[in-house]
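[1] Just a sequence and a predicted model for now, questions to come.
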Amino acid sequence: MVNEGILVNQIDPTSDRAVFRQIADQLRQAIEGGRLRGGEKLPSEAELMEHYGVARMTVRQAIQELRNEGLAVAEHGRGVFVRRRPPVKRLASDRFARRHRKDGKAAFLAESEAVGAKSDVDRILVSEVVPSPEIRERLRTGPDEVVVSRSRRYLRDGHPVELATSYIPVGIAHGTKIMESNTGPGGIYARIEDQGHTFERYVEDVSTRLPTREEAKLLSLTSGTPVFRLIRTAYDLDGMAVEVCDTIMAGDAFLLSYELPAH
């Protein structure tokens, strides 16, 4: 039988919950329970109509519900598939550990390897800019002071998951590989430490919102999928802000994890 084990229940006509939401609930349970895995095709509109005895519009509303949640993605001419994007736990207490840089691994590479994923980066742009007041305040630069900007897009297993722009004082970046597309083993932070700025702490501010149109396009986000905006300021042992990174992360691709001291 087609979709045996997936379409196992019927809708409850006595429920106050809308029929399309009941259908979405059952498909969601199939996805979260592993009966529908990442990359697998959802039952067709015809199969759902036949099983539940509902109109095509009701089925389409149910599918749209899953797409809005980032659980499913439509491929033109092929159907609707379970999204291949399990969230990766981002361990704030570990990802910038010095041992990763000593191994020649930037944070995103180390994080991806930990879950057996292939990492990549593209859309690298290095320039000199006058930063926004928000970034300027964090870097403690003057109103017209220029800094080095490095923007890039990160991909995991070929799927875009993160946009990041680092802002670094000119005095640190000039004359180093920070000014080049390939910063070398260990990434930006390794090059900053090469300049004598040993990292002492990082401060991260995290918020959520819906993406801009350009962000949604660059991250291949389905309608309704939110993003994290994470702004990190890195300080050296002298308390100097040596980098500010403004990051936009696909909300369905990450689980942010923080370990906090109890004292």
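    Structure received. Numbering: from 1, shown residues only.

[2] Only alpha carbons, please: show stretch 23-40 as PDB.
    Below are the C-alpha coordinates for stretch 23-40, written out as PDB (Å, rounded to 0.1, in the frame of the first residue of the first chain):
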ATOM      1  CA  ILE A  23      -3.700  16.700   8.700                       C
ATOM      2  CA  ALA A  24      -0.600  18.800   9.300                       C
ATOM      3  CA  ASP A  25      -0.400  17.500  12.800                       C
ATOM      4  CA  GLN A  26      -0.400  13.900  11.600                       C
ATOM      5  CA  LEU A  27       2.200  14.600   8.900                       C
ATOM      6  CA  ARG A  28       4.300  16.400  11.400                       C
ATOM      7  CA  GLN A  29       4.200  13.500  13.800                       C
ATOM      8  CA  ALA A  30       5.300  11.200  10.900                       C
ATOM      9  CA  ILE A  31       8.300  13.500  10.300                       C
ATOM     10  CA  GLU A  32       9.200  13.900  14.000                       C
ATOM     11  CA  GLY A  33       8.700  10.200  14.600                       C
ATOM     12  CA  GLY A  34      11.000   9.200  11.800                       C
ATOM     13  CA  ARG A  35       8.400   7.600   9.600                       C
ATOM     14  CA  LEU A  36       9.100  10.300   7.100                       C
ATOM     15  CA  ARG A  37      12.900  11.100   6.900                       C
ATOM     16  CA  GLY A  38      14.800  14.100   5.500                       C
ATOM     17  CA  GLY A  39      14.700  14.100   1.700                       C
ATOM     18  CA  GLU A  40      11.700  11.700   1.500                       C
END
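
[3] Pretty sure G70 sits against D252.
    Yes - G70 is within contact range of D252, at 3.7 Å (criterion: C-beta atoms under 8 Å). Backbone N, C-alpha and C define where each C-beta goes, glycine included.

[4] What count of nearby residues applies to A241?
    The tally of other residues near A241 (other C-beta atoms under 10 Å) stands at 19.

[5] how about low-confidence regions in the protein?
    Along the chain, segments meeting pLDDT under 70 span 1-5, 85-87, 89-95, 100, 104.

[6] Helices along the stretch 101-250 of the chain, start to end?
    Assigned by DSSP state H, counting those that start in this stretch, the helices in the stretch 101-250 of the chain fall at 107-114, 133-139, 170-173, 187-194, 213-218.

[7] CA atoms of the fourth one as PDB?
    What that stands for is helix 187-194. Extracted C-alpha coordinates of helix 187-194, given in PDB (Å, rounded to 0.1, in the frame of the first residue of the first chain):
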ATOM      1  CA  GLY A 187      40.400  31.300  10.300                       C
ATOM      2  CA  ILE A 188      40.100  34.900  11.400                       C
ATOM      3  CA  TYR A 189      40.600  34.300  15.100                       C
ATOM      4  CA  ALA A 190      43.900  32.500  14.500                       C
ATOM      5  CA  ARG A 191      45.100  35.400  12.500                       C
ATOM      6  CA  ILE A 192      44.100  37.900  15.200                       C
ATOM      7  CA  GLU A 193      45.900  35.900  17.800                       C
ATOM      8  CA  ASP A 194      49.000  35.800  15.400                       C
END
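
[8] which residues touch it?
    Under the contact criterion C-beta atoms under 8 Å, 6 or more residues apart in numbering, helix 187-194 has outside partners 96, 101, 104-107, 109, 150, 166, 168, 172, 176-178, 183-184, 199, 234, 242-243.

[9] And the shortest one, by the same measure?
    Identification of contacts with helix 170-173 by C-beta under 8 Å, 6+ apart yields 128, 146-148, 178-179, 192, 195, 197, 242.

[10] Appreciated, that's everything.
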